[in-house]
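S.K.: Structure of the sequence below:
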Amino acid sequence: MPDECERQRRLFFALWPDERARIALARLARALPRRRGRLVPASNLHMTAVFVGATDSRTCDSLQARAGDIDAREFFLTLTHIGYFSRSRILWLGADECPAALTDLVRQLNTCLTVCALTPELRPFRPHVTLRRDAAPLSTDLRVPPVKWSVHSFCLMASETRPEGARYEILRQFALQRY
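M.R.: Take a look at the predicted model:
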């Protein structure tokens with residue numbers, strides 16, 4: 001865990017889709033009407049499990065150590081509908097139900113934050129992948145053909161905002177336990 005967290009960085013834990021899921025997510029995002037906002041690049045598609053925020057290298061190292069101790073199982077995600085967050089103007093693809101294993105993973109990640117003297121998110125977790133930003137609202141959630149995703153790991157990510165858009169870096173990937 002040497003120098004991947006040298007400076008203050010904006011971090012989050014995420015589920016990073018495999019190639020098959022990424023292609024399906026990107027295809028679905030491109031199929032949405034253009035007036036529905038700015039497309040998230042396929043290389044940036046992910047599901048945030050827990051947002052950490054800006055941290056120093058010591059906290060980053062501590063998060064990595066604690067996350068390495070997580071005992072959570074692999075699971076399947078089925079994403080079935082397009083929704084809209086009006087406050088952030090985001091169109092997203094979400095799951096009707098959160099798998100118990102994902103709920104458990106998010107709980108354990110929030111415990112990591114608490115142990116590292118960080119404040120976890122208090123709002124209930126809603127599993128979703130952001131597809132478009134600065135989007136116009138929907139009149140209703142849209143049902144779409146399901147995107148199925150077999151989740152075998154989670155990642156600690158660093159995010160950097162640039163003029164051309166967000167850049168994400170996987171700092172460390174953590175395997176989940178087999179079924």
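
S.K.: can you tell me which residues contact residue 169?
M.R.: 157, 158, 159, 160 (C-beta atoms under 8 Å, 6 or more residues apart in numbering). Where C-beta positions appear, they are placed from N, C-alpha and C, glycine not excepted.

S.K.: all strands of this protein, in order?
M.R.: Along the chain, the segments classed as strands by DSSP state E run 9-15, 38-39, 47-55, 75-85, 90-95, 128-133, 142-151, 153-162, 165-175.

S.K.: nearest to residue 122, of those?
M.R.: With distances scored as C-beta to C-beta, the stretch of the strands of the chain nearest to residue 122 is strand 47-55 (11.6 Å).

S.K.: Restrict that closest one to CA atoms and write it as CSV.
M.R.: Presented in CSV, the C-alpha positions along strand 47-55 are these (Å, rounded to 0.1, in the frame of the first residue of the first chain):
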residue,chain,number,x,y,z
MET,A,47,-21.8,1.6,-9.3
THR,A,48,-20.7,3.6,-6.2
ALA,A,49,-21.1,1.5,-3.1
VAL,A,50,-19.8,4.0,-0.6
PHE,A,51,-18.6,7.6,-1.1
VAL,A,52,-15.6,8.4,1.1
GLY,A,53,-14.6,12.0,0.1
ALA,A,54,-11.3,13.8,0.3
THR,A,55,-8.8,11.9,2.4
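
S.K.: tell me the pLDDT at residue 2?
M.R.: Confidence at residue 2, expressed as pLDDT, is 46.

S.K.: do the one 3 residues further on as well
M.R.: Turning to residue 5, the model gives it a pLDDT of 51.

S.K.: so who does residue 154 touch?
M.R.: Taking C-beta under 8 Å, 6+ apart as the criterion, residue 154 is in contact with 13, 14, 15, 16, 49, 67, 72, 105, 109, 173, 174, 176.

S.K.: ah, wrong one, I meant residue 151
M.R.: 15, 74, 75, 76, 77, 102, 176.

S.K.: Now for the fifth one: which residues touch it?
M.R.: The contact partners of residue 77, by C-beta under 8 Å, 6+ apart, come to 15, 47, 95, 99, 102, 127, 148, 149, 150, 151.

S.K.: pretty sure the third one contacts residue 83?
M.R.: No. Look at residue 95 against residue 83 with C-beta atoms under 8 Å: they stay out of range, at 10.4 Å.
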